[in-house]
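Visitor: Structure, please.
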Amino acid sequence: MSDPVRFTLDGSEVSAEPGETIWQVANRQGIEIPHLCWLPKPGYRADGNCRACMVEIEGERVLAASCVRQPTAGMKVQTASERAKFSRKLVFELLIGDQPDRAVAHDPNSRLWQWADRLEVSDSRFPGHAPRAPDRSHPAMAVQLDACIQCNLCVRACREVQVNDVIGMAARGYHEKIVFDFDDPMGNSTCVACGECVQACPTGALMPATLVDANGVYANAPEREVDSVCPYCGVGCQLTYKIREDRIVAVEGKDGPANHNRLCVKGRFGFDYAHHPDRLTEPLIRKDGVSKHDTDIDPANPYTHFRKASWEDALDRAAEGLKRIRDREGRRALAGFGSAKGSNEEAYLFQKLVRTGFGSNNVDHCTRLCHASSVAALMEGIGSGAVTAPFTAAADADVIIVIGARPTENHPVAATFFKQAAKRGAKVIVIDPRGYSLMRHAWKTLRFNPGRDVALLNALIYTIIDEGLYDRQYVQAHTEDFEQLREHIRDYSPEKMAPICGIDAATLREVARTYARAEAAIIFWGMGISQHVHGTDNARCLIALALVTGQVGRPGTGLHPLRGQNNVQGASDAGLIPMVYPDYQSVESPEIRAKFETLWQTSLDDKRGLTVVEIMDAVHRDEIKGMYIMGENPAMSDPDVQHAREALAKLEHLVVQDIFLTETAKYADVVLPASAWPEKDGTVSNTNRQVQMGRAALPLPGNARLDWWIIQEIARRIGLDWSYAHPRDVFAEMKRAMPSLDNITWERLERESSVTYPCDAEDQPGNGIVFGDGFPTASGRGRLVPAAIIPPAEEPDAEYPMVLTTGRQLEHWHTGAITRRASVLDELEPEAVASLAPAELRALGIAAGDQIRVTTRRGTIELKARADSAVAPGQVFIPFCYAEAAANVLTNPQLDPFGKIPEYKFCAAKVEPIALPLAAAE
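Guide: So this is what the prediction gives:
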């Protein structure tokens, strides 16, 4: 490190750290210097083009832009000399000359106007530019270039922070302007609506559409702000709700450890679902005589099938039905599905209710449908089901493997760190059967044959071991069963695996050598790895790849399954899993069970519970008669959903707790109106193991209630003596059950908003990188588990010649219950589509936009065709968020034998055009 630079600032001697600018030093000293083109936020570099931050340096003829100028030893700087102040005022007068009048400004409280007020510049002597037409083509953002000062902040936001490369500058001089792609309207461009440009803009030239009226004049000024956490994916972005009249009118990114102010389209613009007219606001009880097989119900008008009820009546009815079945049929006749979209405290209470009130371990949640196989392999291999490093560790990596994941769509803010790493020179290796936008930043792209992950990964491991590229010292000190792996891998040379996986041997060897020789390499994976009958084997291979090369436990290294929902990590940690208590402690261990029996003051079941899919099978076998489902939608998310829906209809008693009348709630006997995320206090844990505080920003609508309160009321009515007064009381009990929460308190989270576990002390930040000195296994070593090639449960054939895979879209989340009720998100992606390669469409005689029929051995759906060159010929991709064309009608429910996860990512299908009736065609 270089020594600090001593210089004089406004008559006082100060020091600058290496790389610091005059502006940064002045700011640290409490000296304010105006700035517009410099945004002192993570990821932004100064540009020095607006000239608002000019300072005077002794001995220099011209003023200097303090945001880009670095001090030198002995330099004498005046930040507020007469020359500097005159220059700044002139700059602001010139800029204001180009602005709309403040009375009709797009943002009268913009940074430009705030600085103008402080400099006492209210009008201009200079003529402005000619009027520029607004661009309102995008549903989320208003483009009003009459307020643009060409500061380039939006360009840097798009190119360097989010790395989407949509915004640029065009033309010269007086005609210079920002453009989207090739000067397209913003709504027609490749913009992914992350809104980073809106958050960066200092003038109101780019604004959230919700904050201006049809004429572009400022409207809906926020009255208050509340800091919280995004309710969508596992990235866990911190954000600030901007609220007017108890409605969210805008959202801004906050500098949390996972996002550093960044958001994606869902986090920034997908907020108005909380105010949707479909919100459940009264408890509902199914009307007498109304069949559960009749699900033709309008969610906005459920009173055709349900009647309003008081809370007392609804809770009594809900609890009485559950208690009746338990007492009559026995403790294993009930089951519960908890939610990964609620808080840690709600997840903990829910699993405790099932275990102590129902009397069994029949409790699960959506981790069973996303990363259960990853957790199974991680627990087996390294003794922990969480990530070994945060996704921000990509900043320290030389090589980054992203396999079976689409972070630009499913974890967009995490993807920004991968794209930034690629820009600084890291080698990003994308391994996926389907193409997507991260491949533009990749050093190597391996588009392998679907379902052949083990063949590809074993070829990489073979190369590393065969060529002596493994880390001998690390293997000897920190792993076990290496010789068994070495022996097993002999049959998996790249030359043998190339015809199976579809990647040539030379490329496989090059990728293996690059990963093994990297100073620091990290692996990220998603549900493309886990959602197979061989998903656990896929994850075993990734673990072996990291362990044999020693790419764990150091900065820039590690294993990271990108978790799906906003609290799937926390819900799993809290025990919403049928085979483990909180913190993954086995229900089959007498010692552990005794500990929880003491904590909860009751006897507990000694048998593993059933998983999501197994529960539905047990309903069909008349073994499970009643269920309590909170914030989960198995009528859309389960594989072979027709089978799941028939099970829901068959139940003697079903209680559903949710914010909308979901496809699952339509089968309920009692529906309990719950709280949306912006309406509650509670903690969530993201994919980085960061426990974060969510804060209530809105009042509950109508007669809805907080989820933890509802769970407690059900518990009391089935015989449990619970008396929690606030989520902080639940968190305090969780700490007694969960060593992972050591040194993390409710008060600390209220103060700091985020703490990473494990945490060594209450004054320490927590450990982002773990297992540098061993693993939490019995031996302290990582276990190397060989994996053989297991084919998918169902292969294409003459009748079903294509491979169907399902997943998410950027604009929608999970089953669409929330995002399809968010106006901007639904406008961006309003209808169900199936994506096929253009060549495949031509071969089938189908044009993009035509209605098609997709069929598998389990069912048929009809939807529109979309041409997508990222999809290989012979494949079809369908998002599973559209109730009118539920992709999971088609999917295969065959399970991974270890993780018990269904094979969502591979099944045989056929695609056919739907011929229009002649009259319609004419």
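Visitor: Which single helix of the chain contains the most residues?
Guide: Using DSSP state H to define each element, the chain has its longest helix at helix 311-329.
Visitor: Leaving out chain neighbours, which residue sits closest to P673?
Guide: Distances taken as Cβ to Cβ, 6 or more residues apart in numbering place L280 nearest to P673, at 3.7 Å, with adjacent residues excluded. Where you see a C-beta, it was placed from the backbone N, CA and C, and this is true even at glycine.
Visitor: What separation do you get for the one you found and L836?
Guide: Going from L280 to L836 by Cβ to Cβ, to the nearest Å gives 37 Å.
Visitor: swap in K910?
Guide: Taking Cβ to Cβ as the measure, K910 falls 12 Å from L836.
Visitor: More neighbours: the two, which one.
Guide: Neighbours per residue (other Cβ atoms under 10 Å) separate K910 from L836, with L836 holding more: 30 against 19.
Visitor: how about the closest residue in space to the more buried one that isn't next to it in sequence, secondary structure?
Guide: Excluding its sequence neighbours, the residue lying closest to L836 (Cβ to Cβ, 6+ apart) is V876, at 5.3 Å. Of the three states, V876 takes strand under DSSP: H, G, I helix; E, B strand; the rest coil.
Visitor: pLDDT score assigned to V876?
Guide: Looking at V876, its pLDDT stands at 95.
Visitor: do the same with A921
Guide: We have a pLDDT of 43 for A921.
Visitor: any weak-confidence spans in the stretch 501-650 of the chain?
Guide: Counting by pLDDT under 70, not a single residue of the stretch 501-650 of the chain qualifies.
Visitor: what's the neighbour count on the residue nearest to L836?
Guide: V876: 23 surrounding residues under other Cβ under 10 Å.
Visitor: what pairs with it across the strands?
Guide: Beta-bridge partners for V876, by DSSP bridges, are L804.
Visitor: Only alpha carbons, please: show stretch 623-635 as PDB.
Guide: Below are the C-alpha coordinates for stretch 623-635, written out as PDB (Å, rounded to 0.1, in the frame of the first residue of the first chain):
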ATOM      1  CA  GLU A 623     -53.200 -41.700   4.600                       C
ATOM      2  CA  ILE A 624     -53.300 -37.900   4.900                       C
ATOM      3  CA  LYS A 625     -56.700 -36.400   5.500                       C
ATOM      4  CA  GLY A 626     -56.000 -32.800   6.400                       C
ATOM      5  CA  MET A 627     -53.600 -30.000   5.500                       C
ATOM      6  CA  TYR A 628     -52.600 -26.500   6.600                       C
ATOM      7  CA  ILE A 629     -50.900 -24.500   3.800                       C
ATOM      8  CA  MET A 630     -49.400 -21.100   4.400                       C
ATOM      9  CA  GLY A 631     -48.200 -19.000   1.400                       C
ATOM     10  CA  GLU A 632     -47.500 -22.000  -0.800                       C
ATOM     11  CA  ASN A 633     -49.300 -22.800  -4.100                       C
ATOM     12  CA  PRO A 634     -48.900 -26.500  -4.800                       C
ATOM     13  CA  ALA A 635     -51.800 -26.400  -7.300                       C
END
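Visitor: Quick check: nearest residue in space to the one residue sitting closest to the centre of the chain, chain neighbours excluded?
Guide: In the chain, the centroid-proximal residue (Cα atoms, centre = their mean) is C233; its distance is 2.2 Å. Leaving out its chain neighbours, the residue that sits closest to C233 by Cβ to Cβ, 6+ apart is H411, at 5.5 Å.
Visitor: returning to what we had before: and the residue nearest to the centre of the chain, how far is that from T602?
Guide: Per Cβ to Cβ, C233 is found 36 Å from T602.
Visitor: Show me the shaky parts of the protein.
Guide: The model of the chain has pLDDT under 70 over residues 1, 369-370, 916-922.
Visitor: and if we set it to 50?
Guide: 918-922 (pLDDT under 50).
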